[in-house]
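Asker: here are the coordinates; sequence isn't available:
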């Protein structure tokens with residue numbers, strides 16, 4: 001399991017977002033080491049990667065979405081389906097991985113990358129209008145959602161520098177069965193799965209926790 005590339009982006013104008021500064025979705029692979037650290041709370045902190053832009057901090061970035069990972073294997077599957085080349089970083093991911101079961105990762109699972117960086121899986125990526133506009137595929141949000149391969153957001157537990165070629169090691173797997181893919185379905189097409197997210201415990205993304213608690217309360221009333 002390894003990193004194929006580490007990708008960062010600069011602000012890019014876009015008609016598909018209401019953020020006046022545009023979007024940071026245009027991630028490009030970079031050479032050399034990239035420092036990764038917890039960026040701070042959502043709305044204040046942005047990306048966990050040095051030199052990477054998260055423009056709309058209302059919906060993106062912050063400690064619980066510090067790093068976004070997507071598997072090269074899933075990009076290859078989309079490449080075949082769409083009939084076009086999809087380079088590393090094209091989905092806005094910071095880490096393009098090889099051999100890592102990103103969507104089957106358990107929420108709260110911890111990855112050691114390189115010598116020092118320790119990340120913890122927090123949640124799936126939920127597709128948005130900016131993503132659809134950037135990719136330029138008709139009905140993209142619906143297609144991406146149906147595929148159920150959203151990639152994973154991670155928080156930074158221990159900072160460090162990473163580069164392409166670094167190994168990825170799973171150093172902790174929690175004692176529950178809530179995967180990134182299951183959490184994605186719970187937050188999108190199968191809301192009846194929301195109560196299962198509470199088994200994650202403290203590692204659960206706070207916004208997902210709030211949705212799960214609300215669902216349980218409404219079901220009980």
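Answerer: Yep, it's here. Remember, predicted model here, so these are calculated numbers, not experimental data.
Asker: now for whichever helix in the chain runs longest, which elements pack on it?
Answerer: When the chain is parsed with DSSP state H, its longest helix is helix 206-220. In terms of contacts (3 or more CB pairs under 8 Å, 6 or more residues apart in numbering; DSSP states H and E), helix 206-220 is packed against helix 180-187. No exception for glycine: its C-beta is placed from N, CA and C like everyone else's.
Asker: identify all contacting residues around the helix it packs on.
Answerer: 102-107, 121, 123-124, 126, 148-152, 193-194, 196-197, 208, 211-212 (CB atoms under 8 Å, 6 or more residues apart in numbering).
Asker: what about the residues you listed, which are in strands?
Answerer: Among those, the residues falling in strands (DSSP state E) are 121, 123, 124, 152.
Asker: pretty sure the first one is touching residue 103, no?
Answerer: No. Assessed by CB atoms under 8 Å, residue 121 is found out of contact with residue 103, at 10.4 Å.
Asker: more crowded one of these two?
Answerer: Each of residue 121 and residue 103 has its neighbours counted (other CB atoms under 10 Å); residue 121 has more, 28 against 22.
Asker: do you know the pLDDT at the more buried one?
Answerer: Confidence at residue 121, expressed as pLDDT, is 98.
Asker: and it, how far from residue 10?
Answerer: Remark: distance between residue 121 and residue 10 (CB to CB, to the nearest Å) = 27 Å.
Asker: do the same with residue 4
Answerer: As judged by CB to CB, residue 4 and residue 10 stand 21 Å apart.
Asker: who has more neighbours out of the two?
Answerer: Taking other CB under 10 Å, residue 4 and residue 10 do not tie; residue 4 has more neighbours (18 against 13).
Asker: wait, isn't the more buried one in contact with residue 98?
Answerer: Yes. Counting by CB under 8 Å, residue 4 touches residue 98, with 5.0 Å between them.
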